[in-house]
Structures are given as C-alpha cells and as structure tokens.
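[1] Need coordinates for the following:
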Amino acid sequence: DNCTACGACCACYRVDFSIWESQDAGGKVPMGLVDEIQSGTCRMRGTDHASPRCAALTGTIGFRVSCAIYEWRPSPCHELQMGTDACNRARLRHSLPPTV
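    Here you go, the predicted structure:
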C-alpha cells in the first residue's frame, strides 16, 4: 500500500468532520486529537496550521508513515483515495511524483 510510504494528504489538507465522529459524542476519533471549531463540527488537530500536519501522523512524508488512529480516523480520511486528484495534488505539494 503506497499510502504507508507517502502521508502527503495528512500534511496537506484541513480535516473537518462531524462532532458525532468524536469519542465524546459516541464516535471513534480520540478527543485528544479533536479541535471543536463550531457547534457540530470538529477538525483533526494540526490540520489547520500554516504548514498542516495531522497530529495522528507519524513518520517521514514520502518515506514511511502511519496513522496512529487508522482504525478510528474520521470520514474525510476514509474518503480520500490513493491516485485521486486530491491525492496527487498533495503529493505534488511535497515534491512527490503522482501515483499511477
């Protein structure tokens, strides 16, 4: 799986999701990684910085990475698929070649 050798999307995009995906509301995303931004909406910690990097991302982008909460990651993370335009835009921002 190329995603374990990339991680560009985790250090490129703001990740907003429903509060219902957070542990406090009955979901699975750990509260220590959640910033509530408005009533009903959360953001993955670290993804709103000038140089975004999700707080759940470990490793070196483009070499070897993993998600500390892979089983519990929010829906936007599930939805972004390898090889899509969003994936390749993130890879380009990190000077990585597009996926095929």
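
[2] Could you pull up the residues touching Ala90?
    Ala8, Cys9, Ala11, Cys12, Tyr13 (Cβ atoms under 8 Å, 6 or more residues apart in numbering). The way it works is simple: take the backbone N, C-alpha and C, and place the C-beta from them, glycine included.

[3] Mind doing that once more with 7 Å?
    Ala8, Cys9, Cys12, Tyr13 (Cβ atoms under 7 Å, 6 or more residues apart in numbering).

[4] Using CSV, lay out the residues you listed together with pLDDT, distance to Asn88 and secondary structure.
    What follows is those, written out as CSV (pLDDT from 0 to 100; distance: Cβ to Cβ, whole Å; DSSP: H, G, I helix; E, B strand; the rest coil):
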residue, pLDDT, distance to Asn88, secondary structure
Ala8, 96, 9, helix
Cys9, 96, 10, helix
Cys12, 97, 11, coil
Tyr13, 97, 13, coil
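
[5] Just list whatever residues bridge to Asp35.
    Taking DSSP bridges as the rule, Asp35 bridges to Arg43.

[6] I'd like the distance between it and Asp85.
    Asp35 sits 27 Å away from Asp85, going by Cβ to Cβ, to the nearest Å.

[7] what about these two, which has more around it?
    Asp35 (15 against 8; other Cβ atoms under 10 Å).

[8] right, and the more buried one touches Thr47 too?
    No. Between Asp35 and Thr47 there is no contact under Cβ atoms under 7 Å: 8.8 Å.

[9] quick one on the thing from earlier: between the contacts of Ala90, identify the one with the most neighbours.
    Going by other Cβ under 10 Å, Cys9 tops those with 27 neighbours.

[10] Run through the residues that contact that residue.
    Residues in contact with Cys9 (Cβ under 7 Å, 6+ apart) are Leu80, Ala86, Cys87, Ala90.

[11] Make a PyMOL selection of whichever of the residues you listed turn out to be buried.
    Buried residues within these, by 16 or more other Cβ atoms under 10 Å, are selected in PyMOL with:
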select buried, resi 80+87+90
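
[12] now, which of the contacts of Cys9 lie within helices?
    Counting by DSSP state H, the contacts of Cys9 place Ala86, Cys87, Ala90 in helices.
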